[in-house]
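1. Have a look at this prediction, sequence included:
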Amino acid sequence: MGIYEEIREELEKLVIPEMPLIDIAETIEDHIRNAGYYPAFPVNISINEIAAHYTPPPQDETVIKEDDLVKIDFGYHNGDGKVIDNAITIDLSESHKPLLEAAEKSVKEAISHIQPGKKVNEISQVIYEVVQSYGLKPIANLTGHSIEPYWIHGGVPLPSVPNEVDYEFKEGDRFAVEVFVTYPEGSGYVVDSGEPHIFSLISLERGIRTHMGRKLLLHIVKEYKTLPFSDRWLVKKFGSKFMVKTGLMELRKAHLIEAYPPLREEKRTPIAQFELTVELTSEGAQVVK
C-alpha cells in the first residue's frame with residue numbers, strides 16, 4: 001500500500017464526530033514525515049461551505065461535527081519539490097452523495113481525456129459537462145493547476161468551466177486535476193472568509209528590521225522555500241504564538257510572503273472537492289500517488 005492509500009485509509013478513521021481538526025492535520029502531516037516524505041503544504045481541512053485554505057491554527061479547538069461535509073487536501077514531495085497534491089471529501093451526514101460523485105467522476109473523466117496535444121479548454125469542457133450532468137455547479141474561481149518544482153500553482157490553470165486557456169499539454173507536464181462542486185443555488189464562486197493561517201514566500205527583495213522577522217524569514221527559506229507553510233508549524237518551532245504572529249505581520253507588510261485566507265462559497269452552499277495529480281507521458285496522463 002502506497003502513502004496515498006495509507007493516508008486515505010487513516011482519514012476514514014480520523015474524520016469522525018468530536019475529533020479535533022488539529023489532531024487530524026498533525027496526524028496526517030506526521031504520517032507524511034514518517035513515510036520519508038515532506039508535507040508540501042499544511043493539511044487543509046475545509047468544512048461545509050468552506051472550500052479550501054483552512055488549516056488549524058495553533059491551539060485550535062475546532063472539532064468535527066456529526067453532519068459535517070469535510071474536505072481534506074494533502075500533499076507531499078520526496079525532497080525535490082515535485083509535489084503530489086490530493087484531496088478527498090468525507091460526508092458524515094451521508095446526504096451529499098451527488099456532490100461527492102460529481103467531483104470524483106469529473107476528475108477521473110478529465111484524466112482519461114488528457115494527453116499530449118490536448119488543450120486545457122478541451123479538458124475543462126469535459127469537467128463542466130460531467131458536473132452539469134448531475135445538475136450541479138462547479139466552482140469557477142478555483143481551478144486545477146500545473147505543478148512545477150517548489151511551485152504548487154505552476155502558472156497554467158485547469159478551470160472547471162468553459163474558458164479560453166489554449167495551453168497544450170505536453171510530455172513531462174505535471175498537473176493537479178482538481179474540481180470543486182456545489183449545488184445549483186450556490187453562486188459557483190468563492191470569497192475570502194476569515195483569518196489566514198497559510199502563507200508562502202514570494203520575494204526576498206526587502207530587508208527585515210526585527211530579529212524575529214529575520215529568524216522567521218531564514219527558517220522559511222531554508223525549510224519551505226516557496227511552498228506553503230502554516231503559523232502552527234512556526235509556533236512549534238519558535239514557541240511564542242505572539243512573536244510568530246508579529247513576525248508574520250512584518251513579512252506581510254514587506255510583501256515577502258503571501259497569505260491565503262479560507263475560501264467559502266459566496267452563498268454558503270456546501271462544497272465537495274476531489275483532486276489527483278498526474279504526469280503526462282506519450283500515452284496520456286498517469287496518476288502519481
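-> Perfect, thanks for sending it. Since the structure is predicted, the reported quantities are computational estimates derived from the model, not experimental observations.
2. tell me the average confidence for stretch 175-190?
-> Mean pLDDT, stretch 175-190: 98.
3. Just the endpoints, please. Distance across that stretch?
-> Chord length of stretch 175-190, first to last residue, is 22 Å (CA to CA, to the nearest Å).
4. Flag every buried residue along it.
-> 175-183, 186-190 (16 or more other CB atoms under 10 Å). Any C-beta I mention is one placed from the backbone N, CA and C, and that applies to glycine too.
5. Ok, stretch 44-62 next?
-> 44-58, 60.
6. In strands, which of the residues you listed fall?
-> Counting by DSSP state E, the part of those found in strands is Asn44, Ile45, Ser46, Ile47, Ile50, Ala51, Ala52.
7. all helices of the chain, in order?
-> Using DSSP state H, the helices found in the chain span residues 3-14, 21-34, 97-113, 120-133, 211-223, 231-238, 241-253.
8. returning to what we had before: next step: the buried residues of stretch 175-190 restricted to strands.
-> Cross-referencing the buried residues of stretch 175-190 against strands under DSSP E gives Phe175, Ala176, Val177, Glu178, Val179, Phe180, Val181, Thr182, Val190.
9. measure the second one to Pro270 for me?
-> The span separating Ala176 from Pro270 equals 22 Å under the rule CB to CB, to the nearest Å.
10. Also the first one?
-> Taking CB to CB as the measure, Phe175 falls 26 Å from Pro270.
11. cool, Glu129 as well?
-> Glu129 sits 22 Å away from Pro270, going by CB to CB.
12. Present the buried residues of stretch 175-190 as JSON lines; the columns should include distance to Glu266.
-> Formatted as JSON lines, the buried residues of stretch 175-190 follow (distance: CB to CB, whole Å):
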{"residue": "Phe175", "distance to Glu266": "26"}
{"residue": "Ala176", "distance to Glu266": "23"}
{"residue": "Val177", "distance to Glu266": "24"}
{"residue": "Glu178", "distance to Glu266": "19"}
{"residue": "Val179", "distance to Glu266": "18"}
{"residue": "Phe180", "distance to Glu266": "12"}
{"residue": "Val181", "distance to Glu266": "15"}
{"residue": "Thr182", "distance to Glu266": "10"}
{"residue": "Tyr183", "distance to Glu266": "13"}
{"residue": "Gly186", "distance to Glu266": "7"}
{"residue": "Ser187", "distance to Glu266": "4"}
{"residue": "Gly188", "distance to Glu266": "8"}
{"residue": "Tyr189", "distance to Glu266": "5"}
{"residue": "Val190", "distance to Glu266": "7"}
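13. how many neighbours does the spatially closest residue to Ser282 that is not a sequence neighbour have?
-> For Ser282, ignoring the flanking residues on the chain, the nearest one in space by CB to CB, 6 or more residues apart in numbering is Glu171 at 5.9 Å. Neighbourhood size, Glu171 [other CB atoms under 10 Å]: 12.
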